[in-house]
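> Just need the structure, nothing else, for what follows:
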Amino acid sequence: MENIEHKVERFRQMTALIAIVVTIYYLYWRITDTLNPNALVFSWLLYGAEVYGMITTFLLYYMVWELKVRKSPPPLPGKTLDVLITTKNEPVQVLRITLQACNDLKYPHRTLMLDDGNRPEVKALCEQMNCIYLARSSYENAKAGNLNFGLQHSTAEFIAVFDADHAPLPDFIGNLIGYFRDEKVAFVQTPQEFYNIDSFQHHADRKKKYIWGEQYLFFSLIQPGKDRLNAAYFVGSCAILRRKALDDIGGFATASITEDMLTSIYIHAKGWSSVYHNECMAYGIAAETLLPFHIQRQRWGIGGWQIFFKANPLFIKGLSVPQRLGYTASLIYPLEGFQKIIFYITPPVALFTGVLPMKALDVDYLLHFIPYYLISIFAFNEMTRGYGGNIMLEQFSMGKYVTYIKTLGLFLLPRKARKFKVTPKGGYSFAPSRLVFPQMAVFVISVTAIVWALVELLFQMRSDSFAVAVNCFWSLFNSGLGLAIISYDYKKLFQRRESFRIPDSVPVFLDFDNPDKDRHRFAVADNMTGKGISILAIGVIPVGRSIGMEIMLPNTTLNVNGTIVQEKSTTSDNYIISRLGIRFTSITREQQDVLARYLHESAVKKFMREYSNRYRTYIEKRFMTRQYFHERAYRFLTYLPLIVYNEEGDSLFAVIKDISESGLLLVTRKYLQIGVQLKLSVVLGKETIQLSGTVTRNMISDTEDFGEYLSGVYFDEISGKKVARILKVADTIGSLVLE
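You can find the predicted model right below:
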C-alpha cells in the first residue's frame, strides 16, 4: 500500500509541475502577445490578478509538496504546566464547559482564567470550579496583553493556551508534552476543530457524512506541509508553548492583533523549532452566522497587514527561506479581495463598453486559456488532496472579497478604528443584511451587463458576438457564485438555535402519564444539548406532556424530567414513529455537568469521526479504489433500541446504529468479543423482533470516563426474513434524523 501511496503522490507532483510550466508559458504569452495598448490600465489590472493567482498557487504547491505525518511520543513526566484561557464577553455557560474540560485534563496542571471582561459571575464560576481567576485593571494589547498578564502569574515550564470556547480532550497534554523532549521545540500546535457543523463556515451533507469546512484546507493540509519546513505556526489556541521560548522573545507579541502569527515569527527567528500534531485534541464553536464570520476574517486581515508592514518575515533576521515563504503566503491572502473584484468587474466592463483587456478575444486566446485553466484546476484539486473544493472556495471568496479589501483600508485608519474585536460565539446573533450587498452587486451588475450586450447584438448595435459570448459565460459564472452565496448568506443571517444539538445515540427509558396505561417506553436519544434532548420513539406522546427519563450514558445513568415541546410523527409498516423534542425541567447542576462532560469529551469526538472532511480526487479514484475505498452494502441509519443476550444469557441495553440486509452496527456499554454468538431483541414499542448473529468486528471508544463500544454483527441465516421489517422502519427513522 505504501507503494500505491507513493505512486499517487508522484502523479500529483507531476501534475503540479505540468501546471507550473503551463502557467508560466501562459502568463509569458499574455504579457508578450495579448495586452491591449488602447486599454493598458484595464489590461494590466487583469494581468496582475492572474499573476497574483500564480504566486499564491505556486506558494501553496511548495508548502504542500510533501506532508509531515507525526505520531504522539510517550509523555514527558514531571513537568509543570499552566492552562491559560482568555475571555472577554463569552457566555458563562460556554466558559463552564471549557473549565470542566480543563479540569479533566489528565496531566498535572493549573487552570488560569484570564477575564478581560472583569465579570463577577466569571470569578464566581472559577471559584466553584477550583480554577484561578485573573482580571487586569487595564486592557491594552488585547488578547496578547491578556496572555502576558497570565504569564506574570505563572512560573510553569509550559503553557497551554485555549480560546474560551475550545474544550480540550482529557489526553490533550499527555499526547503533546512528549514532543518537548527536543529542547529546541518551542510550541506544539494542533488543529482548531469546530463541532457545530451548522455554522457559516461549514457545508455538511449528513446523509453522505461529508463536511466541507473553510478552514480544513489550512489545518488538514497547509499546516502539515508547513511542519515539514519547520514553519507551522501558533494559531492562538489548542497549543502548548515552552515558557523559555516565550521569555526569549519577551512574551506574546503585541504589535499585531493577530498576536499568534507574530509570536510564531519571533520564535522561529530566534532559532526555535515548532511541531504540528495533526490530530483533533480540542473542539470549539465556529462563528455561527454571517456577522461573526466577517468580524473574525476582518481581524485576521488587519492583523496580517500589521505584521506585513511592521515585522515583514521577508526581512526579519533569523528566519529560513522556507519560513519566509510560508509566512508571506499567509500574509498576502487578503489581496485576494482585490484579485476577485477585478475578475468580477472585467466581464461587465467588456459587455457594457466593448473594451477588452486584451488585443482580441478570439479562438487563439481560448486555445491558450482553456488548457491553462483546466490543467490549473486539475492540479489544484490534486495537490489539495481532497480538502480544496474549488467551487466552494470560489463561493466563499465571493462572500469575503469586500471584507478582505476593507482590511487594508482599516489598517490605514487610526488605531481606535481597528481595535481588537472578539468573535461572538455561543449565543443568539443577528447579521445586518448589508453584508450581502457586495454579492448582490456582483449578481445584479453581471446579469444587467449580459442583458445589455445581448440587446445591443439583437439590434445590431455591435458586432463582437464572439467576445460577447465569452464574457456572457464569464458573467454567468460570477452571477451563479453570487446567487449561491447570497442564498447561503440569508440562511445564516441569524442563529435560530441557542446551541448546536450534538448528534449521539444512547438508550433512554421514558416514563409518562398515559390514559391507556402504556406509560413506559424504551427509546433512543439521537441528539442532546445541555438543556434538552431529541428522542426517537415508537408511538405518539403529545406536546406538553411531562415525562421522566433514564438517559443511559456510558458508565452512568441520568434520571431527569422534561416537557415535550416538539413532536413529529410518521408511519412505517404500521408503526407510528415519533421524534420528540424534550426540554429538561428538573436537572441538577451535578447532572448538567456530567452531561456536559459526556457531550464535549465523548459524544463530540464520536460524531465528528463519522464525517469525512475530504473528497476523493481523480488520481485516488484511478489508483486507490480497490485497496482503500472498499464499498460496503448500503446501511440504513437506524437508532432503534435493542436488548442484547450473550451465550451465558446475560443481557445489556444497546442501540442499533445502522443496519443492512446482512448485519448491523450496535453501540453498547460493554465489550463484546469477536466470534461471540448473540441473541438480539429489537424493541419496537410494545413489540420485539428476535434476531441472532455473530460479532465480527468491534471498536473500543478511547474515552476513559465514558467507555463505549461499537460492534459489527453478522446475521445468521434464520434472521434474514425478519430484517426486512426493520429495514422499512429504519429507512423512515433515517429520514426523520437527517431532515
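> drop to CA atoms for contacts and neighbour counts, all remaining ones
Noted.
> what's the helix or strand for residue 688?
Element membership of residue 688 [criterion: DSSP states H and E] is strand 687-700.
> swap that for residue 105, please
Residue 105 belongs to no helix or strand, assigned by DSSP H and E.
> again, but for residue 595
Here residue 595 sits within helix 589-598, counting by DSSP H and E.
> can you check residue 409 too?
Assigned by DSSP H and E, residue 409 falls in helix 390-412.
> ditto for residue 366
helix 363-383.
> buried set for that helix?
In terms of neighbour count (16 or more other CA atoms under 10 Å), helix 363-383 has its buried residues at 365, 368, 372-373, 375-376, 378-383.
> relative to helix 390-412, how tilted is it?
Interaxial angle, helix 363-383 versus helix 390-412 (axes from the mean of the first three to the mean of the last three CA atoms, to 10 degrees): 90 degrees.
> Quick one: mean pLDDT for helix 363-383?
Mean pLDDT, helix 363-383: 96.
> ok, and what's touching it?
12-13, 15-16, 18-19, 22-23, 26, 57, 61, 64-65, 388-390, 617-619 (CA atoms under 8 Å, 6 or more residues apart in numbering).
> Could I get the buried residue list for the helix holding residue 409?
Of the residues in helix 390-412, those buried (16+ other CA under 10 Å) are 392, 394-408, 410-411.
> again with stretch 103-120
In stretch 103-120, counting by 16+ other CA under 10 Å, buried: 103-105, 107, 109-116, 118.
> I'd like to know which of those residues is nearest to residue 527.
Sorting those by distance to residue 527 puts residue 104 at the head of the list, at 23.1 Å, by CA to CA.
> which ones are touching the closest one?
residue 170.
> ok, now with 10 Å
The neighbours of residue 104, taking CA atoms under 10 Å, 6 or more residues apart in numbering as the test, are 98, 168-171, 597, 601, 705.
> and which of the residues you listed is nearest residue 463?
Among the contacts of residue 104, and counting by CA to CA, the member closest to residue 463 is residue 168, at 64.4 Å.
> okay, now that closest one: neighbour count?
By the other CA atoms under 10 Å criterion, the neighbourhood of residue 168 contains 26 residues.
> Assess the claim that it and residue 194 are in contact.
No - look at residue 168 against residue 194 with CA atoms under 10 Å: they stay out of range, at 11.7 Å.
> what sits in contact with each of these two?
Common contact partners of residue 168 and residue 194 (CA under 10 Å, 6+ apart): 280, 282-284.
> related to what we said a few turns ago, could I get the buried residues of helix 363-383 as a markdown table with distance to residue 483?
Output for these, formatted as a markdown table (distance: CA to CA, whole Å):
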| residue | distance to residue 483 |
| --- | --- |
| 365 | 29 |
| 368 | 29 |
| 372 | 27 |
| 373 | 23 |
| 375 | 27 |
| 376 | 25 |
| 378 | 25 |
| 379 | 27 |
| 380 | 24 |
| 381 | 24 |
| 382 | 27 |
| 383 | 28 |
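> quick revisit: so which of the contacts of helix 363-383 are in helices?
12-13, 15-16, 18-19, 22-23, 26, 57, 61, 390, 618-619 (DSSP state H).
> Return the closest of those residues with respect to residue 201.
residue 390 (14.9 Å).
> For the closest one, list the residues it contacts.
377-378, 380-381, 384.
> Next SSE downstream of the helix holding residue 409?
Next element after helix 390-412 (DSSP H and E): helix 437-458.
> Can you list the helices and strands that the top strand by length along the chain packs against?
Using DSSP state E to define each element, the chain has its longest strand at strand 556-572. Applying 3 or more CA pairs under 10 Å, 6 or more residues apart in numbering; DSSP states H and E, one finds that strand 556-572 makes contact with strand 502-512, strand 532-538, strand 546-553, strand 575-586, helix 589-598, helix 720-738.
> quick one: which of the ones in helices among the contacts of helix 363-383 has the most company?
Scoring these on neighbours with other CA under 10 Å, the highest-scoring entry is residue 16 at 25 neighbours.
> right, and it touches residue 385 too?
No - here residue 16 does not reach residue 385: they are 12.0 Å apart, not a contact under CA under 10 Å.
> hang on, the earlier thing: and the strand holding residue 688, what does it pack onto?
Packing partners of strand 687-700 (3+ CA pairs under 10 Å, 6+ apart): strand 636-645, strand 663-668, strand 677-684, strand 709-715, helix 720-738.
> Next, the residue located most distally from the centre of the chain: phi, psi?
Distance from the centre of the chain peaks at residue 460, with 51.9 Å (CA atoms, centre = their mean). Torsion angles at residue 460 (phi, psi; degrees, to the nearest 10) stand at phi 50, psi 40.
> For it, give its distance to residue 452.
Distance of residue 460 to residue 452, given as CA to CA, to the nearest Å: 12 Å.
> same deal with residue 446?
Residue 446 sits 10 Å away from residue 452, going by CA to CA.
> neighbour count winner among these two?
Applying other CA under 10 Å to residue 446 and residue 452 shows that residue 446 carries more neighbours, namely 29 against 15.
> Touching, that one and residue 343? I think so.
No - the pair residue 446 / residue 343 is not scored as a contact, 11.3 Å apart, by CA under 10 Å.
> shared neighbours of these two, which are they?
Residues touching both residue 446 and residue 343 (CA under 10 Å, 6+ apart) are 474-475, 478.
> got the residues you listed as CSV, with neighbour count, secondary structure and pLDDT columns?
Putting those into CSV (neighbours: other CA atoms under 10 Å; DSSP: H, G, I helix; E, B strand; the rest coil; pLDDT from 0 to 100) gives the following:
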residue, neighbour count, secondary structure, pLDDT
474, 19, helix, 96
475, 27, helix, 97
478, 24, helix, 96
